[in-house]
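> sequence first, predicted model second:
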Amino acid sequence: MQPTPPVEPAAEQWVWSPWVRQFVTVALVVACVYALTLLGPILSILITTFLLSFLIFVPSRLIAKYTRLNYTGSVLLVFLFILILIFVLVLVIAPSVAQVSRTVGTGLSTELRTFETSILQWDPAQGNYEYIVLGLFPLDITPIAAQIREALLAADPQAAADLATQAISNIPSSLNIGQIVGTATQVITALIGTFTTFFSTLFLGLFLSLLILLELPRYQSMILTGGSVPFQREIRLIGGQIMNVWQGFFRGQLLLAIIIGVITFLQLAIMGVQGAVTISIIVAVISLIPTIGGIIALVPLGLVPLLQGSTVFTQMTNGTFALLVVIVNLIISQFIWNVVAPKIMGDAVSLPLPVIIIGIIIGTALGGALGAFLIVPILGTARVIVIYLMAKVMQRDPFPGEMMPEFDSLAKL
């Protein structure tokens, strides 16, 4: 007696009813939103991992495409290059950063001693007390000047009396040394903690990005070869548009940062600002933040000239010189952002300026500096996805007239 063959269920039995599909869709959306709320503590790590994954993927894909090295070997090669680059940058930049820190510290210390001497030599009976801050602008602090003077005299009457009659170069500080040491210790501890967190996040992000990129060929094959032909066409087209957004953004921002860094270095070197290399690198990195990065970069740009002055314009006060440095750089940066940047960035993101500014504020609140940096391409990606979804809701072809593009299989590279 022949065994009864298994009966295949009807195709309709595999299809969920409309209400089940709607329920599952809503449940997935709620679960995703709830999962996002749990990612707050590790958001910086996730952003760093995504950023590094993209930065490693682009050159790895090009190396695998145009050389005999396969994709996996290309990823490992780029990863090794980044590790060596980080090591070299630390060795090269660390001494310059230390020099700039000493310069700023010396300038602040001198300014503090100057203020202390001035307020001790001031006689409350003579009238108002006006102090010229950093040689730049006068500041009337008469309402609190008497209290500050009394506090300094009470700290060490003998030292304060000597301080009031000596030159600034021979000033013995009457401030509480224990408080200064304690404050300096707290600042140093905070800086060490910041650098430790930065490097731990960086290396953890590198490790996670390496794992993601090594597994990427398998996920690419699953996504781009599965489903019907219309589904494959739409996935490849929307993936290509999103890739164009990110590549255009990174390419444009990197080129702009290099241009701003080089021009800033030339400006500072010509004007006689100490630590020009370090300052220009800091300004270039801050300028990577779209739209408002150039404005934020004016703070470190003007700080060293304000405290240290110039080796060229020696007759100019520090405050006037710092103001000159900022104005010149502001003119240069505005020319770059308004004339050069639009040609470099093109239509990679295609977002209105108010949307970009609001997005940067939100990105800063959620993810700090990395959030501010990545929010623009994220908004550009969201724009592509929203346009696609709106076309699908209106039952139109999201990509009218476009054929299904070919794609480079990472597994075959």
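Good, I have the coordinates.
> C-alpha from now on. contacts and neighbour counts both.
OK.
> got a pLDDT number for residue 270?
Residue 270 carries a pLDDT value of 92.
> just want the phi and psi numbers for it.
Phi and psi for residue 270, reported as degrees, to the nearest 10, are phi -70, psi -40.
> what does residue 396 give?
Residue 396 adopts backbone torsions of phi -120, psi 160, taken as degrees, to the nearest 10.
> quick check: the gap between it and residue 404.
17 Å (C-alpha to C-alpha, to the nearest Å).
> so for these two, which residue has more residues nearby?
residue 404 (16 against 12; other C-alpha atoms under 10 Å).
> what's the helix or strand for that one?
Counting by DSSP states H and E, no helix or strand carries residue 404.
> so what's it up against?
232-234, 236-237 (C-alpha atoms under 8 Å, 6 or more residues apart in numbering).
> buried subset of the residues you listed?
Buried members of those, counted by 16 or more other C-alpha atoms under 10 Å: 232-234, 236-237.
> ok, of the residues you listed, which one's closest to residue 379?
residue 237 (18.1 Å; C-alpha to C-alpha).
> OK, contacts around that closest one?
Residue 237 touches 399, 404-405, counting by C-alpha under 8 Å, 6+ apart.
> report the secondary structure element holding it.
Taking DSSP H and E as the criterion, residue 237 maps to helix 229-271.
> now do that helix: distance to the chain's middle.
14 Å (C-alpha atoms, centre = their mean, to the nearest Å).
> for stretch 399-406, same thing?
The answer for stretch 399-406 is 36 Å, by C-alpha atoms, centre = their mean.
> same check, this time on stretch 392-401
37 Å.
> in that stretch, which residues are buried?
residue 398.
> ditto for stretch 294-308
Buried residues in stretch 294-308 (16+ other C-alpha under 10 Å): 294, 297-298, 300-308.
> nearest to residue 150 among these?
Looking across the buried residues of stretch 294-308 and measuring by C-alpha to C-alpha, the closest to residue 150 is residue 307, at 27.3 Å.
> whichever strand or helix holds the closest one: what's the following helix or strand?
Element membership of residue 307, judged by DSSP H and E, is helix 298-308. Once helix 298-308 ends, the next helix or strand along the chain (criterion: DSSP H and E) is helix 318-335.
> looking at the chain, which helix or strand is least sure?
Least confident element among the helices and strands of the chain, by mean pLDDT, DSSP states H and E: helix 157-165 (a mean of 53).
> can you map out the helices along the stretch 1-150 of the chain?
18-37, 43-66, 71-121, 142-155 (DSSP state H, counting those that start in this stretch).
> go through those helices and name the closest to residue 336.
helix 43-66 (24.5 Å).
> who are the packing partners of the closest one?
Judged by 3 or more C-alpha pairs under 8 Å, 6 or more residues apart in numbering; DSSP states H and E, helix 43-66 is in contact with helix 71-121, helix 177-225, helix 353-393.
> and residue 21, which of those helices is closest to it?
Going by C-alpha to C-alpha, the one of the helices and strands packed on helix 43-66 nearest residue 21 is helix 353-393, 16.5 Å.
> what's that closest one packed up against?
Checking 3+ C-alpha pairs under 8 Å, 6+ apart, helix 353-393 ends up next to helix 43-66, helix 229-271.
> could I get those as JSON lines with distance to residue 367?
Formatted as JSON lines, these follow (distance: least, C-alpha to C-alpha, whole Å):
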{"stretch": "helix 43-66", "distance to residue 367": "6"}
{"stretch": "helix 229-271", "distance to residue 367": "18"}
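> about what we covered before: now distance to residue 263 and mean pLDDT too, for the helices and strands packed on helix 43-66, in a markdown table please.
Formatted as a markdown table, the helices and strands packed on helix 43-66 follow (distance: least, C-alpha to C-alpha, whole Å; pLDDT from 0 to 100):
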| stretch | distance to residue 263 | mean pLDDT |
| --- | --- | --- |
| helix 71-121 | 19 | 76 |
| helix 177-225 | 28 | 72 |
| helix 353-393 | 22 | 80 |
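> need these in JSON lines (columns: distance to residue 266).
Converted to JSON lines, the helices and strands packed on helix 43-66 look like this (distance: least, C-alpha to C-alpha, whole Å):
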{"stretch": "helix 71-121", "distance to residue 266": "17"}
{"stretch": "helix 177-225", "distance to residue 266": "29"}
{"stretch": "helix 353-393", "distance to residue 266": "26"}
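> how close does residue 48 sit to residue 363?
14 Å.
> what is in contact with those two at once?
residue 370.
> in contact with residue 69, which residues?
With C-alpha under 8 Å, 6+ apart, residue 69 has these contacts: residue 63.
> sorry, back to before: figure out which of the helices and strands packed on helix 43-66 is closest to residue 26.
helix 353-393 (16.3 Å).
> from the middle of its chain, how far away would the closest one be?
15 Å.
> what of stretch 314-326?
29 Å.
> could you do stretch 113-132 as well?
For stretch 113-132 - counting by C-alpha atoms, centre = their mean - the centre lies 42 Å from the chain centre.
> cool, stretch 271-281 as well?
The answer for stretch 271-281 is 20 Å, by C-alpha atoms, centre = their mean.
> ditto for stretch 309-329
Between the centre of stretch 309-329 and the centre of its chain there are 28 Å (C-alpha atoms, centre = their mean).
> just the mean pLDDT for it, thanks.
The model assigns stretch 309-329 a mean pLDDT of 85.
> same check on stretch 54-61?
pLDDT averaged over stretch 54-61 gives 86.
> mind listing what's buried in that stretch?
Buried-residue list, stretch 54-61, by 16+ other C-alpha under 10 Å: 54-57, 60-61.
> of the residues you listed, closest to residue 338?
Taking the buried residues of stretch 54-61 together and measuring to residue 338 by C-alpha to C-alpha, the closest member is residue 55, at 26.6 Å.
> can you tell me how far the closest one is from residue 61?
Residue 55 is 11 Å from residue 61, by C-alpha to C-alpha.
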